[in-house]
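Enquirer: dropping the sequence and predicted coords here.
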Amino acid sequence: NAGVMQNPRHLVRRRGQEARLRCSPMKGHSHVYWYRQLPEEGLKFMVYLQKENIIDESGMPKERFSAEFPKEGPSILRIQQVVRGDSAAYFCASSSTGTGYNEQFFGPGTRLTVL
Amino acid sequence: RKEVEQDPGPFNVPEGATVAFNCTYSNSASQSFFWYRQDCRKEPKLLMSVYSSGNEDGRFTAQLNRASQYISLLIRDSKLSDSATYLCVVPIKAAGNKLTFGGGTRVLVKP
């Protein structure tokens, strides 16, 4: 049973370009969470999605960031017009339900570097 | 006050010694708590869950003090492989269980 998969593992972009980060949850999991970890800081919640729906995006920056989790395919975190401050590790986690507590399993992360 | 606060460390621990550190949380309604472990540049992995007063798993013991709103993690007989950052985590049940992370406590176990 494959775990949470993220790709690419490393992404380098120049300022102003777009970054697309992909996350495939564990088999059978329909709840996906995205977290960001800035250098030398803790993880911060960004967005929570369930298939085709954004449930909570309270941690997403108001501009340039968007997320989706289509019926088919991986969840996508999209960052438009990247800036140096977007350089961070972006982790995706999945769980089997969003009620009660079910362990969130984390993917290996995508490390974004903005030049 | 931050929602979840931790001493960043590092805690330098001789191999075989015991180390303990705390995490304070601000939401008195929180019911469950977790310790995750994060190795350098890797993803967080669940170490222990804490639902009532405490939990013990081998060399690791987590305790919860609801009155003072803190949880602690104690590691006995430290191994070199215990070197990592330990993240205190509080799920926000009303928001689909999104996780609120502390900044982490770094532990370095030395020979």
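Expert: Right, received. Where do you want to start?
Enquirer: looks to me like residue A:85 is in a strand.
Expert: No. According to DSSP: H, G, I helix; E, B strand; the rest coil, residue A:85 belongs to no strand; its state is helix.
Enquirer: I'd guessed residue A:24 sits against residue A:4; true?
Expert: Yes. If you go by C-beta atoms under 8 Å, residue A:24 and residue A:4 touch, sitting 7.0 Å apart. Placement of C-beta: from N, CA and C, glycine included.
Enquirer: count the residues that sit near residue 85.
Expert: Because you didn't say which chain, this covers chain A. The tally of other residues near residue A:85 (other C-beta atoms under 10 Å in any protein chain shown) stands at 9.
Enquirer: my question was about chain B, not that one.
Expert: 21.
Enquirer: cool, residue A:9 as well?
Expert: 10.
Enquirer: okay, and for chain B, where does confidence drop off?
Expert: Residue ranges of chain B with pLDDT under 70: B:93-96.
Enquirer: close to chain A, is the strand ranked longest in it?
Expert: For chain B, the strand reaching the highest residue count under DSSP state E is reported as strand B:84-92. Yes. Strand B:84-92 comes into contact with chain A (C-beta under 8 Å from any C-beta of the partner chain), by way of B:87, B:91.
Enquirer: not counting its neighbours along the chain, what's nearest residue A:28?
Expert: Excluding the flanking residues, the one nearest residue A:28 by C-beta to C-beta, 6 or more residues apart in numbering or on different chains is residue A:96, at 6.2 Å.
Enquirer: the one you found touches residue A:29, doesn't it?
Expert: Yes. The criterion here is C-beta under 8 Å, and residue A:96 meets it with residue A:29 at 5.3 Å.
Enquirer: buried set for the longest strand of chain B?
Expert: B:84-92 (16 or more other C-beta atoms under 10 Å in any protein chain shown).
Enquirer: check contacts around the residue nearest to residue A:28.
Expert: With contacts defined as C-beta atoms under 8 Å, 6 or more residues apart in numbering or on different chains, the neighbours of residue A:96 are A:28-31, A:102.
Enquirer: same deal with residue B:43?
Expert: Counting by C-beta under 8 Å, 6+ apart, residue B:43 has contacts A:91, A:106-109.
Enquirer: can you list the residues of chain A near chain B?
Expert: By C-beta under 8 Å from any C-beta, the part of chain A that sits against chain B consists of A:31, A:33, A:35, A:41-45, A:48, A:55-56, A:58-59, A:89, A:91, A:93, A:95, A:98-104, A:106-109, A:111.
Enquirer: is there proximity between the helix or strand just after the longest strand of chain B and chain A?
Expert: As assigned by DSSP states H and E, the chain's next helix or strand after strand B:84-92 is strand B:98-101. Yes. For strand B:98-101 and chain A, the contact criterion (C-beta under 8 Å from any C-beta) is met by B:98-101.
Enquirer: output the contacting helices and strands for strand B:98-101.
Expert: strand A:31-37, strand A:43-50, strand B:84-92 (3 or more C-beta pairs under 8 Å, 6 or more residues apart in numbering or on different chains; DSSP states H and E).
Enquirer: could I get the ones you listed in a markdown table, plus columns for distance to residue A:10?
Expert: Conversion of those to a markdown table gives the following (distance: least, C-beta to C-beta, whole Å):
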| stretch | distance to residue A:10 |
| --- | --- |
| strand A:31-37 | 14 |
| strand A:43-50 | 18 |
| strand B:84-92 | 21 |
